[in-house]
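> here is my input; please provide its structure:
(4 chains)
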There are 4 protein chains.
Amino acid sequence: MQFGSDNHSGAARAVLDAIVAANDGHAGGYGSDPWTAKAVAALRDVFECDLEAYFVGTGTAANSLALACLVQPWEVVLCHAEGHILNDESTAPEFFSGGARLCGISDGDAKLQPAHLQRYFEQAGTMAPHNARARALSLSQIAENGLVYSPAEVTALSELAHRHGASVHMDGARFANAVAALGCTPAEISWKAGVDVLCLGASKNGALAAEAVLFFKPGLGEQFVNRRKRAGHLLSKGRFYGAQFAGWLQDGQWLQLASHANAQGARLAQVLQAAPGVRLAWPVQANEVFALMPEKLMQHLQAAGAVFYPWPKRAAPGALQAHEVLVRLVTSFSTTDTEIAALQAALGDYRP
Amino acid sequence: MQFGSDNHSGAARAVLDAIVAANDGHAGGYGSDPWTAKAVAALRDVFECDLEAYFVGTGTAANSLALACLVQPWEVVLCHAEGHILNDESTAPEFFSGGARLCGISDGDAKLQPAHLQRYFEQAGTMAPHNARARALSLSQIAENGLVYSPAEVTALSELAHRHGASVHMDGARFANAVAALGCTPAEISWKAGVDVLCLGASKNGALAAEAVLFFKPGLGEQFVNRRKRAGHLLSKGRFYGAQFAGWLQDGQWLQLASHANAQGARLAQVLQAAPGVRLAWPVQANEVFALMPEKLMQHLQAAGAVFYPWPKRAAPGALQAHEVLVRLVTSFSTTDTEIAALQAALGDYRP
Amino acid sequence: MQFGSDNHSGAARAVLDAIVAANDGHAGGYGSDPWTAKAVAALRDVFECDLEAYFVGTGTAANSLALACLVQPWEVVLCHAEGHILNDESTAPEFFSGGARLCGISDGDAKLQPAHLQRYFEQAGTMAPHNARARALSLSQIAENGLVYSPAEVTALSELAHRHGASVHMDGARFANAVAALGCTPAEISWKAGVDVLCLGASKNGALAAEAVLFFKPGLGEQFVNRRKRAGHLLSKGRFYGAQFAGWLQDGQWLQLASHANAQGARLAQVLQAAPGVRLAWPVQANEVFALMPEKLMQHLQAAGAVFYPWPKRAAPGALQAHEVLVRLVTSFSTTDTEIAALQAALGDYRP
Amino acid sequence: MQFGSDNHSGAARAVLDAIVAANDGHAGGYGSDPWTAKAVAALRDVFECDLEAYFVGTGTAANSLALACLVQPWEVVLCHAEGHILNDESTAPEFFSGGARLCGISDGDAKLQPAHLQRYFEQAGTMAPHNARARALSLSQIAENGLVYSPAEVTALSELAHRHGASVHMDGARFANAVAALGCTPAEISWKAGVDVLCLGASKNGALAAEAVLFFKPGLGEQFVNRRKRAGHLLSKGRFYGAQFAGWLQDGQWLQLASHANAQGARLAQVLQAAPGVRLAWPVQANEVFALMPEKLMQHLQAAGAVFYPWPKRAAPGALQAHEVLVRLVTSFSTTDTEIAALQAALGDYRP
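As a prediction, the model looks like this:
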């Protein structure tokens, strides 16, 4: 009953096989190898455009390096108040950007909406150089509460951002889950919807450690190579990033892995929802399930072997009852029906 | 009718005389001069303790250097959402601290309250190293809306901050006005109320350009000298900072200047309050007057020669009516009765 | 004939097997897994002390994070003028340290010597805060020209550094090769010789991408966890760093791999030295061979399929003749006798 | 007998008068005042071109802000090994630039020469992104040893720098002394000789605290306003920088002050040179005199009341004798004949 995080899984078979296959023989260092070239070609194919792609090993590095290319140190990045970049990556965006600022603007709502951006731009001071100016919008796909932004939603936000001179970054740690959930093309939910740079995460969906930073707008990533190197994120044996992505993308593997995770998320949501005293915090659209439940039930399930964690109460959609907790359960490419059945059984065992 | 800012005034006589007097002859560089020594002694005397004092030329430098001594680059400074350090100093605190984060926690209230801090500490994530931890509280005295924190209020906030491992910084750009308004001793509203480091501003109250950073807690300022130097804020002819502070503090000069500014603030508030269609946004406790008035009245007054500016509507205490603006008028040591009478006359001239 | 770099090899069998073995099932994230624990235990065993160990993916990250723990942003790191941290890691040490300075002090000599340090400390300005003070010494083991520092040499340098208040960092990208060459224990050439923090590289000697930062001095690494996180170097699936190190260290594997590389280095040196017109730049003590040869010979060998590169002429031990180049050839755990025989044949084919 | 530093003098009469004159009445903040406008106009007049001018209070701030506009954090600034920016400004250039690197290339010579630059560019690694690339050259005028660069020398260095893609910065802390010494126009020794940005120091030559950063190349300074603000160097009462520069430049005042300092430097050199056992380290061309003398003589003079200091021996032109020290004596606009006569007398009193 492993629902702690999708990064508690190992690597998917296809990715591991690609690593093993790429291991033989010598190869040029720092990305000058055929696997890296193959991965870039696959990404261009999948996204149907002539993007620039760079690889790093963690989502924090991907997001922070990308954002540092979008804003000067005296500028601001707008994001959701519960955004991962604001809450779970220490002060990495500040570090990589040389001290730019993050500003959460979601005002208690579950997703970022054009109205949030609109109000920010209306209210923010514009006296240069005293007031720091927003020059980037960062969206998480899927969002920090498991919801999925539709192409129309992303487009509306991007247009508003662009109109005010801000670039659009997407933290796609679970982008594959979003694409699988939406049934759209990767292009439709990224550059066609106005995204300028996408951090495409593979680590949470079957890679060992591999994230791609994809610049859709020519010129935007021109500092990336220098920034990556001086941050120690240029891998000497770069073939292993290339191999992971090549293996992950091949034959739609990445979307199959994500679809499985999403399907298990839906099953898990059903099982939880059916249990007395349990409410879903938000509709489950991909592979993250947020639920409100009695603290005692949480403890009962954990005692029964279910691995999952409470989530900050401040993020809950409305006030919790005194005995309640907000919890997060995550499914992955490796989540089995057996695990879900076991959770269902444990739920059934509970006597309040 | 100069109500634009207290930094639109020149220097007070006593300060200018001190500069001229200090100009003769040679003196050691970088603060190794008798005027600097005299200023430090005067500060220890005024604050009744053995503080460490350092001088710089701007409030932004003072605040940012002080905060950089309180937090690591991966930590957080809490402040009012309308705080000057958050809104009007570009990203200086981030720059000096190497990328620490500011977090506004006042939730729409006029002043920071213990409840804001309490909630922050209850809700903030505590998973190291993922969640950035708050390690400093920054208060503005007087506050950004002209209100004054009482010793009891500062004490309550400081105690809460200290209990959670956070140091207390006071942005005292108008500290003199606060002391004059409160009628307490400087010690009572600073270190006796739990303030660890005070940025004592003289520039807005009669100096040419001089701010003192006062560390009350031994050891807290041990990096200051290095940080100031590498930020280019160590003045070679340091005697001129010393002279300004020595002249400003002598014979209670600084409090007389502030008292005059406050008295004129009170008069200005009366005059405005009496005008039809004008409401004070907050009680006027020192030398800043925030008022809600019809936009047409603002334009009328400005056309009549009154210098003052609109203030961001987001800061207003409640919603404005469609025709209203929020404006700020500031008095200083040099504000004359004539100026206030002229404003009164201009108010009287107005026909809506 | 692959002599381009030891990072052109893939991963050694034992390391790859450990990764595959660690892949099964779920594991806690961010290093809270049994493989990481096993690797730390193995390192403590190998180094015979209670060290602190942290893992990252690149040598640049390891070195820069380690150095950032040793110096303040206004301090100096001393190193060899040809040091990798100074020449080949962009400005990563400056980035991670918040702007500290590197200073090359080797004065044309092949290795750092106590006399270099002595002179630096005698001549450097000591006027605080104007003059930046040296607070760390960084040594490369093996050195940037393939030479190996003996325990006595490291001890002499460390003692001098410590006496002047500087910590000692060792860039051990090829530390395994040094231990294999010296025949000493890892402890004897690290903490017993005064090294405070060692960056132990596995990537060049059989790992996929794994470096360990080992703090021998309690307290020195207390900021490491925060610095690593905000630099995006905390791996979510941390088990894969643990597995690599555990596999690499098991049964002395790491030293066997290095011994093979060194033995092939010695053979390669013999073959080159025997060729007419070729001189070794420095004695070959480990797995890097630096040679002076006619540029035409270099081209001949490359045309015959030998992969290796010219090295900056400024690093040569004395002036080159007009037709000469300085070249570097590197052997690794995977260098075969066949490759060396092929190079020997190509050398024999050359007609000047 | 004040020869300690030209910043041990106070402000010149004309500058102080300008400050007092500018003090009356109200003025717009942050440089939006008539004195600032007047100073900028005067600078354009003096330099015969449409330059951009910004004011700050210290040379360290001026140099570091200027350099930060020229290089990215992963690039290099070339300078003389004894340059003030490298030796006496802590790590300020690194701080302001976000971690760019300084590299001293003068190889023991008294002044920077084209050959130094030539060799640097020939020898430096060019493998991006591994090797940091030089993108700025910084010259001190007058040089750190009191020598003056001629227009031809500056032109030769600038051309070489530009050819290699590096901008040219001049640290003009004593630029006035150089112009007075050369008898050329300010334009001839700055932008006409290829200087892209000049930090024009007034503080050492009669100002209280005022430095101007002059960008001659359009666009080069476009980040300056933001960088200055977030470094806390934007003065609220900006009129006082404007007034200082306006007063200093008026009627050629600045060059008269510098000419006096230079003339006294020449007299001082004569007096020293004539004393037994004293040698000038370099020809005295402006207002700094470097001399080699017996340590006992130095102590004798200091005991007699002469204020001056030893200079790092490493900077000496050749080896010192065991009993010798290198000393620096500086004259200023306020150095009197009496002081020089007193030093001559003290020299005459000395019995070895």
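
> may I ask you to name the longest helix in chain A?
If you go by DSSP state H, chain A has its longest helix at helix A:253-273.

> what's next to it, contact-wise?
Residues outside helix A:253-273 that contact it (Cβ atoms under 8 Å, 6 or more residues apart in numbering or on different chains): A:3, A:6, A:12, A:14, A:146, A:174, A:176-177, A:179-181, A:202, A:205-206, A:247-248, A:278-280, A:284, A:286-289, A:291, A:293, A:329-333, A:335, A:337, A:340, A:343-344, A:347. In short, each C-beta sits where N, CA and C put it, glycine included.

> what does the stretch 251-352 of chain A have sitting close to chain C?
A:307, A:334 (Cβ under 8 Å from any Cβ of the partner chain).

> next to chain B, which bits of the stretch 251-352 of chain A? Give me the list.
Proximity of the stretch 251-352 of chain A to chain B (Cβ under 8 Å from any Cβ) is limited to residues A:312-314.

> of those residues, keep whichever come out buried.
Buried by 16 or more other Cβ atoms under 10 Å in any protein chain shown: A:312, A:314, out of those.

> now the residues of the stretch 251-352 of chain A next to chain B as JSON lines including distance to chain D and secondary structure?
JSON lines is the format used below for those (distance: Cβ to the nearest Cβ, whole Å; DSSP: H, G, I helix; E, B strand; the rest coil):
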{"residue": "A:Pro312", "distance to chain D": "32", "secondary structure": "coil"}
{"residue": "A:Lys313", "distance to chain D": "36", "secondary structure": "helix"}
{"residue": "A:Arg314", "distance to chain D": "31", "secondary structure": "helix"}
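
> could I get the residues of the stretch 251-352 of chain A next to chain B as JSON lines with pLDDT and distance to D:Ala134?
Below are these laid out as JSON lines (pLDDT from 0 to 100; distance: Cβ to Cβ, whole Å):
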{"residue": "A:Pro312", "pLDDT": "94", "distance to D:Ala134": "48"}
{"residue": "A:Lys313", "pLDDT": "92", "distance to D:Ala134": "54"}
{"residue": "A:Arg314", "pLDDT": "92", "distance to D:Ala134": "49"}
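
> Three-state assignment for A:Gln299, please.
Under DSSP: H, G, I helix; E, B strand; the rest coil, A:Gln299 falls in the helix class.

> buried sites along stretch A:101-115?
Under 16+ other Cβ under 10 Å, the buried positions of stretch A:101-115 are A:101-106, A:110-113.

> so of the contacts of helix A:253-273, which ones are in strands?
Applying DSSP state E to the contacts of helix A:253-273, the entries found in strands are A:279-280, A:288-289, A:291, A:293, A:329-330.

> buried only: go through the residues you listed for me.
Among the ones in strands among the contacts of helix A:253-273, the ones that count as buried by 16+ other Cβ under 10 Å are A:280, A:288-289, A:291, A:293, A:329-330.

> helix, strand, or coil at the residue nearest to A:Val195 when sequence neighbours are not counted?
Spatially, and ignoring its direct neighbours in sequence, A:Val195 is nearest to A:Met170 (4.7 Å; Cβ to Cβ, 6 or more residues apart in numbering or on different chains). Classification of A:Met170 using three-state DSSP returns strand.

> all helices of chain A, in order?
Using DSSP H, the helices found in chain A span residues A:13-22, A:34-47, A:59-70, A:84-87, A:92-97, A:114-123, A:151-163, A:175-182, A:224-230, A:239-249, A:253-273, A:295-303, A:337-349.

> domain ranges for chain A?
As given by automatic domain parsing, the domain ranges for chain A are A:12-252, A:254-349.

> tell me the pLDDT at the spatially most central residue of chain A?
In chain A, the centroid-proximal residue (Cα atoms, centre = their mean) is A:Ala173; its distance is 2.3 Å. pLDDT for A:Ala173: 98.

> what sits against it?
By Cβ under 8 Å, 6+ apart, the contact list for A:Ala173 reads A:59, A:84, A:140, A:199, A:201, A:203-204.

> check A:Leu182 too.
So A:Leu182 contacts A:148, A:150-151, A:188-189 (Cβ under 8 Å, 6+ apart).

> quick one: these as CSV, columns for neighbour count and pLDDT too.
Shown next, in CSV, are these (neighbours: other Cβ atoms under 10 Å in any protein chain shown; pLDDT from 0 to 100):
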residue, neighbour count, pLDDT
A:Val148, 21, 98
A:Ser150, 18, 98
A:Pro151, 17, 98
A:Glu188, 17, 98
A:Ile189, 26, 98
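
> identify the farthest-apart pair in these.
Spanning the widest gap among those are A:Val148 and A:Glu188, at 12.8 Å by Cβ to Cβ.

> give me phi/psi at A:Asn308?
No, residue A:308 isn't Asn; it's Phe. phi -170, psi 170 (degrees, to the nearest 10).

> I'd like the distance between it and B:Asp251.
From A:Phe308 across to B:Asp251, the span is 68 Å (Cβ to Cβ, to the nearest Å).

> again, but for A:Ser138
In this view, A:Ser138 and B:Asp251 are 55 Å apart by Cβ to Cβ.

> can you check A:Ala62 too?
61 Å.

> the two - which one has more neighbours?
Shown here are A:Ala62 and B:Asp251; by other Cβ atoms under 10 Å in any protein chain shown, A:Ala62 has more neighbours (30 against 9).

> which pLDDT value belongs to the more buried one?
A:Ala62 is given a pLDDT of 98.

> picking that back up, tell me how far the residue nearest to the centre of chain A lies from chain B.
Separation of A:Ala173 from chain B (Cβ to the nearest Cβ, to the nearest Å): 14 Å.

> not counting its neighbours along the chain, what's nearest that residue?
Excluding its sequence neighbours, the residue lying closest to A:Ala173 (Cβ to Cβ, 6+ apart) is A:Gly201, at 4.0 Å.

> for the one you found, give me its contacts.
So A:Gly201 contacts A:59, A:62, A:172-176, A:211 (Cβ under 8 Å, 6+ apart).

> can you rerun that using 6 Å?
Contact analysis of A:Gly201 by Cβ atoms under 6 Å, 6 or more residues apart in numbering or on different chains lists A:59, A:172-173, A:211.

> can you check A:Leu208 too?
A:11, C:240.

> got it, and A:Thr36?
Contacts of A:Thr36 (Cβ under 6 Å, 6+ apart): A:238, A:242.

> give me the local confidence score for it.
98.

> ok, it to A:Gly28 distance?
Distance, A:Thr36 to A:Gly28, by Cβ to Cβ: 9 Å.

> kindly report the same for A:Cys49.
A:Cys49 is 26 Å from A:Gly28, by Cβ to Cβ.

> now do the contacts for the residue nearest to A:Arg133 when sequence neighbours are not counted.
Distance criterion Cβ to Cβ, 6+ apart; nearest residue to A:Arg133, sequence neighbours excluded, is A:Glu75 at 5.6 Å. Going by Cβ under 6 Å, 6+ apart, A:Glu75 touches A:100, A:133, A:135.
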